[in-house]
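>>> sharing a model prediction with you, sequence too.
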Amino acid sequence: MAQDKYDTLGPLLNEIGQALAEVVGGDPNGVFFYVEIGQGWVSPNIFKDEGTVVRCYDPPGPSLSDLLFDLWYAESDDENKRWSVMEYVIEGGKFEARFKYPDEVKVEDVDGDRVDTALQSRFGDKPVVYPPMEGMFEYKPDGS
């Protein structure tokens, strides 16, 4: 008997939650994970509600991307029936994952506004703090 895809999806979604907990320093409560994916590419965006601000985290190396591809491939053998957007939320020690499919979102059409729209929907006008760009430094007025 073939393994039911949900027997595979559940543990993968749990592993993703564990990976996100590591990225944000242990406590994943308040994490919002927005992912767009397609054949050969993935765009993970990790955010955490910290009360007065939402903090954006750089995704870790390839391990999280590998989990996302495993989840994406487990969905279906037909690429057109696989999800293209996942919104993954951790609240109260539980996760919830919502998926959008190619007939709902054409992720091949690059549009950075989709992430901003998802953030606005989730967090309203709360400011988002992004990590410094690589090679940049933080100015400290005291001269240090």
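That came through fine. Please read all numbers here as calculations on a predicted model, not as lab measurements.

>>> low pLDDT regions in the chain?
Low-confidence segments of the chain (pLDDT under 70): 1-6, 134-144.

>>> ok, longest helix in it?
Of all segments of type helix in the chain, defined using DSSP state H, the longest is helix 5-23.

>>> just checking, what packs against whichever helix or strand comes after that one?
With elements assigned by DSSP states H and E, the helix or strand that comes after helix 5-23 is strand 31-38. Judged by 3 or more C-beta pairs under 8 Å, 6 or more residues apart in numbering; DSSP states H and E, the packing partners of strand 31-38 are helix 5-23, strand 41-49, helix 62-75, strand 85-91, helix 113-123. For the C-beta atoms, the positions are set from N, CA and C on the backbone; glycine is no exception.

>>> now what about strand 31-38, what contacts it?
16, 20-21, 24, 42-49, 54, 68-69, 72, 82-90, 105, 107-108, 114-115, 118-119, 122-123 (C-beta atoms under 8 Å, 6 or more residues apart in numbering).

>>> just the buried members of those?
16, 20, 24, 42-49, 54, 68, 72, 82-90, 107, 114-115, 118-119, 123 (16 or more other C-beta atoms under 10 Å).

>>> still on that earlier bit, got TSV for the helices and strands packed on strand 31-38, with distance to Tyr130 too?
Shown next, in TSV, are the helices and strands packed on strand 31-38 (distance: least, C-beta to C-beta, whole Å):
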stretch	distance to Tyr130
helix 5-23	15
strand 41-49	10
helix 62-75	18
strand 85-91	19
helix 113-123	11
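
>>> now Tyr101, nearest residue through space, not along the chain?
Trp83 (5.7 Å; C-beta to C-beta, 6 or more residues apart in numbering).
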